[in-house]
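K.L.:
coordinates for the following, if possible.
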Amino acid sequence: MLRFVFLFSFLLSSASCFSVIPPLEREVSLSLTNERVSVALNKMSEQTGLVFSYSSNIINDLPTVSINIKHKTVREALALLLPGNISYKAKNNYIILKERSIEKNPKKAELNGYVYDKATDKKVANVTIYDKKSLQSVTTDDYGYYSMSIPIKNQSIIINKENYKDTCIILSELQTNSMTFINLSPVDSTKKDSVVWKEKLKELGNYTNKMVREFKSYVNTRNVTDTLSRNFQVSLLPYIGTNHKLSGNVYNNYSFNIFGGYARGVRVLEIGGFFNIDKEDVHGVQLAGFFNLVGDTVKGIQLAGFFNITGKSMNGFQAAGFTNINLGELNGINAAGFVNANLGKVKGVQLAGYVNYAKQVEGIQGAGFVNFALQEVKGAQLTGFVNHTKVLEGIQIAGFVNHAKYVKKGLQIALVNISDSCKGLPIGVFSFVRTGVHQLEISGDEIFKANIGFRTGVSKFYNIFNVGIDKRSDEPLWSFGYGLGTSFKIKNKLRSDITLTANHVSKGAFKEAESELYKLYWGVEYKFKKKFSIAAGPVLNLYISDTHSIDYESTYSHIAPYSFYDNTSNDGFNFKAWLGAKVALRFF
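P.N.:
Sure, this is the predicted structure:
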């Protein structure tokens with residue numbers, strides 16, 4: 001009983017093992033001398049569990065055979081046992097043998113066999129074998145087997161495999177055996193191939209590869225290093241078109257992809273209904289309904305309904321409904337509905353509905369929300385919200401904030417301007433320059449005995465924020481305001497500055513009534529210490545007040561100590577002008 005169980009288990013495991021291996025790839029060993037072919041087939045059947053099905057008249061008339069093989073596949077054994085007029089195919093667990101007629105003048109040559117690693121004598125899977133003229137190609141299966149037919153007039157076939165030396169076989173040198181065995185020599189892994197195409201895609205990373213590696217024929221793209229060329233191609237999808245399974249290795253002059261296509265490159269025109277993918281360069285015009293993906297450089301025009309991505313530089317005009325991404329330089333124009341991103345230098349124009357990004361800019365960035373230049377801008381940044389760069393030589397105009405670490409020359413125009421150092425001119429409501437002007441001023445004049453002000457920006461142009469107070473009665477008179485100023489050097493410690501300020505004046509609580517004091521100051525400043533100076537100078541004052549205000553008679557009509565101009569308009573506004581003075585202590 002135990003023997004029966006053991007035998008049953010052994011047979012079951014053997015059957016399971018055979019079921020995993022395809023029938024023609026099962027191994028046999030034969031040692032026969034002058035035996036009939038039928039005897040050899042029976043022995044193969046015993047070793048593999050296969051059933052050979054054939055008509056006896058096509059086997060019995062064959063001459064006897066002598067064969068000595070070890071651990072060869074059923075396919076290899078049959079190639080040695082059977083003449084060329086007998087074909088075979090596997091169906092389930094059967095091997096069916098049939099007689100076939102042989103053409104006298106065939107137009108195509110049938111090639112089949114195995115590809116071996118010359119160093120290890122192991123079969124190699126995923127090897128590309130192709131005819132350069134017709135672009136017909138096959139890839140070895142998991143067992144290293146291939147089968148193909150090529151025009152008989154062709155002179156050679158090419159064999160490529162990643163990490164192996166390229167091999168070319170001259171068809172006229174092949175023996176008349178029914179199988180052709182190919183040996184590939186491995187490439188020394190310590191040496192780098194200077195022309196490996198993948199080096200050209202290092203900036204693009206895995207974008208292109210990930211999108212096409214799902215296609216079975218992608219292995220040809222990795223194996224074949226030779227550059228093929230065609231004037232014209234049409235495809236439905238990658239590898240389904242006139243360039244067959246080698247589409248990823250072909251440069252096309254004209255390329256038309258009904259839904260999408262994949263090529264090595266384009267030289268004149270490419271149109272894709274949905275997408276275009278090119279491993280290397282595109283020269284000319286590239287149009288896609290949804291996206292274009294180019295592994296290297298584009299020279300010309302690239303238009304897509306949604307996005308464009310290039311692995312290196314873009315030279316020309318690039319436009320997309322959503323985004324343009326270039327991993328290298330831009331020499332031309334970027335236009336996108338949402339985002340432009342250039343990881344290299346921009347020489348030209350970037351226009352985006354939302355954000356522009358570039359490493360460097362020599363030209364113009366225009367965006368609805370943000371312009372960001374990582375290193376330098378030589379030109380202009382124009383945006384509705386924020387501009388940023390490290391070094392500015394040009395102009396920044398923003399609806400809210402401009403930021404540049406170093407402004408070598410040029411202008412910053414925004415509500416807020418921020419920089420570390422500025423040799424240009426920041427114009428805005430608030431400008432902060434780390435190495436610029438930051439002065440706290442305590443001053444007094446003929447109206448307000450105590451004023452505190454803060455000056456920020458650069459000497460050429462700075463902002464002033466100030467408040468003042470004077471206690472004339474139970475309720476103090478106070479003011480707050482904003483101004484602009486400029487300062488220039490007279491001597492080593494002596495400077496002159498001109499300021500224009502506007503202050504609202506109120507008594508007690510804040511009053512909305514018209515009570516505005518405008519001051520034009522021109523004075524001198526002497527620096528006693530590095531962070532301490534004294535300033536003084538005349539002030540031209542213009543005060544405008546509302547005669548209908550409750551406190552006009554008691555307070556606002558008496559603010560001016562005197563006036564050389566005093567006039568009240570028909571609508572009740574009083575204008576007074578006088579010449580006064582200011583003395584100030586300045587710190588920092």
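
K.L.:
what about stretch 45-53, start to end distance?
P.N.:
Start and end residues of stretch 45-53 are separated by 11 Å (Cα to Cα, to the nearest Å).

K.L.:
and it, which residues are buried?
P.N.:
Using 16 or more other Cβ atoms under 10 Å as the test for burial, stretch 45-53 gives Thr48, Gly49, Leu50, Phe52. All C-beta atoms are positioned from the backbone trio N, CA, C, and that covers glycine.

K.L.:
just flag the most distant two among these.
P.N.:
Gly49 and Phe52 (11.4 Å; Cβ to Cβ).

K.L.:
now the helix or strand harbouring Tyr254, how far from the centre of its chain.
P.N.:
Using DSSP states H and E, Tyr254 sits in strand 250-257. Here strand 250-257 is found 23 Å from its chain centre; the criterion is Cα atoms, centre = their mean, to the nearest Å.

K.L.:
cool, and stretch 50-63?
P.N.:
63 Å.

K.L.:
and for stretch 277-291?
P.N.:
15 Å.

K.L.:
how about it as PDB, C-alpha atoms only?
P.N.:
Taking Å, rounded to 0.1, in the frame of the first residue of the first chain, the C-alpha atoms of stretch 277-291 are listed here in PDB:
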ATOM      1  CA  ILE A 277       6.400  59.500 -27.200                       C
ATOM      2  CA  ASP A 278      10.000  59.800 -28.600                       C
ATOM      3  CA  LYS A 279      13.000  58.300 -26.900                       C
ATOM      4  CA  GLU A 280      15.500  60.900 -28.200                       C
ATOM      5  CA  ASP A 281      15.200  64.100 -30.400                       C
ATOM      6  CA  VAL A 282      12.300  65.700 -32.200                       C
ATOM      7  CA  HIS A 283      13.100  68.300 -35.000                       C
ATOM      8  CA  GLY A 284      10.300  70.100 -36.700                       C
ATOM      9  CA  VAL A 285       6.700  70.100 -35.600                       C
ATOM     10  CA  GLN A 286       5.100  67.800 -33.000                       C
ATOM     11  CA  LEU A 287       1.300  67.900 -32.300                       C
ATOM     12  CA  ALA A 288      -0.700  65.800 -29.900                       C
ATOM     13  CA  GLY A 289      -4.300  65.900 -28.600                       C
ATOM     14  CA  PHE A 290      -3.200  65.200 -25.100                       C
ATOM     15  CA  PHE A 291       0.500  65.000 -24.500                       C
END
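
K.L.:
hang on, the earlier thing: so which of the buried residues of stretch 45-53 sit within strands?
P.N.:
If you go by DSSP state E, those have Phe52 in strands.

K.L.:
let me have the buried residues of stretch 45-53 in TSV, extended by pLDDT and distance to Gln233.
P.N.:
Listed next are the buried residues of stretch 45-53 as TSV, based on pLDDT from 0 to 100; distance: Cβ to Cβ, whole Å:
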residue	pLDDT	distance to Gln233
Thr48	90	45
Gly49	90	47
Leu50	91	43
Phe52	91	45
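
K.L.:
so where do the strands sit in the stretch 251-400 of the chain?
P.N.:
For the stretch 251-400 of the chain, applying DSSP state E, counting those that start in this stretch gives strands covering 260-263, 265-272, 275-278, 282-288, 291-294, 298-304, 307-310, 314-320, 323-326, 330-336, 339-352, 355-367, 370-383, 386-398.

K.L.:
likewise the stretch 1-150 of the chain?
P.N.:
27-35, 51-53, 65-73, 86-91, 94-99, 108-117, 128-130, 137-139, 145-151.

K.L.:
show me the shaky parts of the chain.
P.N.:
1-19, 154-155, 172-178, 189-222, 224, 472-473 (pLDDT under 70).

K.L.:
most centrally placed residue in it?
P.N.:
Geometric centre of the chain, nearest residue: Ile325, 4.2 Å, by Cα atoms, centre = their mean.

K.L.:
please tell me how far that residue sits from Asn253.
P.N.:
For Ile325, the distance to Asn253 equals 26 Å [Cβ to Cβ, to the nearest Å].

K.L.:
cool, Gln365 as well?
P.N.:
Taking Cβ to Cβ, one finds Gln365 at 35 Å from Asn253.

K.L.:
those two - which one has more neighbours?
P.N.:
Gln365 (30 against 16; other Cβ atoms under 10 Å).

K.L.:
who does Lys345 bridge with?
P.N.:
Gln360 (DSSP bridges).

K.L.:
for it, what are its contacts?
P.N.:
Glu329, Leu330, Ala358, Lys359, Gln360, Val361, Glu362 (Cβ atoms under 8 Å, 6 or more residues apart in numbering).

K.L.:
try 10 Å
P.N.:
313, 328-331, 358-363, 373, 375-376 (Cβ atoms under 10 Å, 6 or more residues apart in numbering).

K.L.:
picking that back up, bridging residues for the residue nearest to the centre of the chain?
P.N.:
Going by DSSP bridges, Ile325 forms beta bridges with Ile309, Ala341.

K.L.:
got it, and Tyr262?
P.N.:
Note on Tyr262: beta-bridge partners by DSSP bridges are Ile277.

K.L.:
now it: how far from Tyr239?
P.N.:
7 Å.

K.L.:
which of the two has more neighbours?
P.N.:
With neighbours defined as other Cβ under 10 Å, Tyr262 and Tyr239 compare such that Tyr262 has more, 29 against 22.

K.L.:
is it true that that one touches Asn276?
P.N.:
Yes: at 8.4 Å, Tyr262 counts as touching Asn276 under the criterion of Cβ atoms under 10 Å.

K.L.:
now do the shared contacts for those two.
P.N.:
Contacts common to Tyr262 and Asn276, judged by Cβ under 10 Å, 6+ apart, are Ser255, Leu293.

K.L.:
next, the angle from the strand holding Tyr254 to strand 265-272.
P.N.:
10 degrees (axes from the mean of the first three to the mean of the last three Cα atoms, to 10 degrees).

K.L.:
quick revisit: for the residue nearest to the centre of the chain, which residues are in contact?
P.N.:
204, 207, 293, 307-311, 314, 318, 334, 336, 339-343, 357.

K.L.:
hmm, back to that, now the strands of the stretch 251-400 of the chain as CSV including distance to Glu512?
P.N.:
Formatted as CSV, these follow (distance: least, Cβ to Cβ, whole Å):
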stretch, distance to Glu512
strand 260-263, 66
strand 265-272, 64
strand 275-278, 62
strand 282-288, 60
strand 291-294, 58
strand 298-304, 56
strand 307-310, 53
strand 314-320, 52
strand 323-326, 49
strand 330-336, 47
strand 339-352, 43
strand 355-367, 39
strand 370-383, 35
strand 386-398, 32
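
K.L.:
just these: most buried one?
P.N.:
Across the strands of the stretch 251-400 of the chain, the average number of neighbours (mean count of other Cβ atoms under 10 Å) peaks for strand 260-263, which reaches a mean of 28.

K.L.:
what's that one packed up against?
P.N.:
helix 207-212, strand 228-237, strand 240-241, strand 250-257, strand 265-272, strand 275-278, strand 282-288, strand 291-294 (3 or more Cβ pairs under 10 Å, 6 or more residues apart in numbering; DSSP states H and E).

K.L.:
identify all contacting residues around the third one.
P.N.:
Under the contact criterion Cβ under 10 Å, 6+ apart, strand 240-241 has outside partners 215, 217, 233-235, 247, 250, 255-263.

K.L.:
now these: which count as buried?
P.N.:
Here, 16+ other Cβ under 10 Å leaves 215, 217, 233, 235, 247, 250, 255-257, 260-263 buried among these.

K.L.:
picking that back up, list the helices and strands the strand holding Tyr254 packs on?
P.N.:
Using 3+ Cβ pairs under 10 Å, 6+ apart, strand 250-257 is in contact with strand 228-237, strand 240-241, strand 260-263, strand 265-272, strand 275-278, strand 282-288.

K.L.:
mind listing what's buried in stretch 468-486?
P.N.:
Gly468, Asp470, Leu477, Trp478, Ser479, Gly481, Gly483, Leu484, Gly485, Thr486.

K.L.:
what's the most distant pair in these?
P.N.:
Largest separation among those by Cβ to Cβ: Leu477 and Thr486, giving 29.2 Å.
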